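Chemist: whatever this is, show me its structure:
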Amino acid sequence: MSHSPTDWPVPPEVTEPQPSHERRSWGKVSHSDRFRRQRRDLLRAAARLAAREGYEGTRVADIVAEAGLSKSTFYEHFGSKEECFVELNGRTSAQMLKGAVDTAEATIDQGPFGCLGAVIRSIVGYADRNPRLAEVLRAAADVSQTAVRDQREQNMRRVIHFFVSLGHRLGSPLETGELDLSATIVVRGVTDILGDLRREEPESFDRRLDQITRLGCRAFGLPES
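Modeler: From the prediction side, this is the model:
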């Protein structure tokens, strides 16, 4: 099935898990509901711990203790710590991308600079709500965790695809291939320097985001107004 260059990328699919087989209910809570609740509790515990201790400093034993569950319960849901972080990364990326698409739809009438600036702030702002977790997820991709690293690359490609689609919708005169190259340079470049930018004063950081927005407009061949 072919896709238009203006189609938004499809966020990573996040499905609610189902237990491999049913067991007795837990009071008024069915086994299926309890299974989904346990998974959410494990993911939230992993996120909290990783934000405090880092990826390498987070162990399965710590995750289950934080969640108030057992190791056997953890392994009913995930085969390893890496698998847990793959899902956590996927859920985080899906939420961030959905927020960017919603922002683009809501601000598309503001023109290239207004829309692109709002989208950049949406993406940066999502990470800023838990910057330590964002750093941890990047660090997990930098160590020898192939699945996490591969997923991070897929997430990056979805963000680039999103900006290509946005460029087309905003009226960029560039061909799709040129837009893809421009979006790749902008997205990867901003990702690399974002940690340094966050260390600036809030007012200075906001000015930097405006500068990035203007550079993005130029890269996509769009007016800066």
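Chemist: quick check: pLDDT value at the residue nearest the centre of the chain.
Modeler: Residue closest to the mean C-alpha point of the chain, counted by CA atoms, centre = their mean, is residue 93 at 2.2 Å. On pLDDT, residue 93 comes in at 83.
Chemist: I'd say it and residue 158 touch.
Modeler: Yes: counting by CB atoms under 8 Å, residue 93 touches residue 158, with 7.1 Å between them. Just so you know, the C-beta spots here come from the backbone N, C-alpha and C atoms, and that holds for glycine as well.
Chemist: show me what secondary structure element comes after the lowest-mean-pLDDT helix or strand in the chain.
Modeler: The helix or strand of the chain with the poorest confidence is helix 131-142; it has a mean of 63 (mean pLDDT, DSSP states H and E). Downstream of helix 131-142, the first helix or strand assigned by DSSP states H and E is helix 146-169.
Chemist: run the chain-centre distance for that next one.
Modeler: 10 Å (CA atoms, centre = their mean, to the nearest Å).
Chemist: just to check, residue 208 is in contact with residue 198?
Modeler: No: between residue 208 and residue 198 there is no contact under CB under 8 Å: 9.7 Å.
Chemist: other SSEs contacting the lengthiest helix in the chain?
Modeler: Ranked by residue count and defined by DSSP state H, the top helix of the chain is helix 81-107. Here helix 81-107 touches helix 31-53, helix 60-67, helix 111-128, helix 131-142, helix 146-169, going by 3 or more CB pairs under 8 Å, 6 or more residues apart in numbering; DSSP states H and E.
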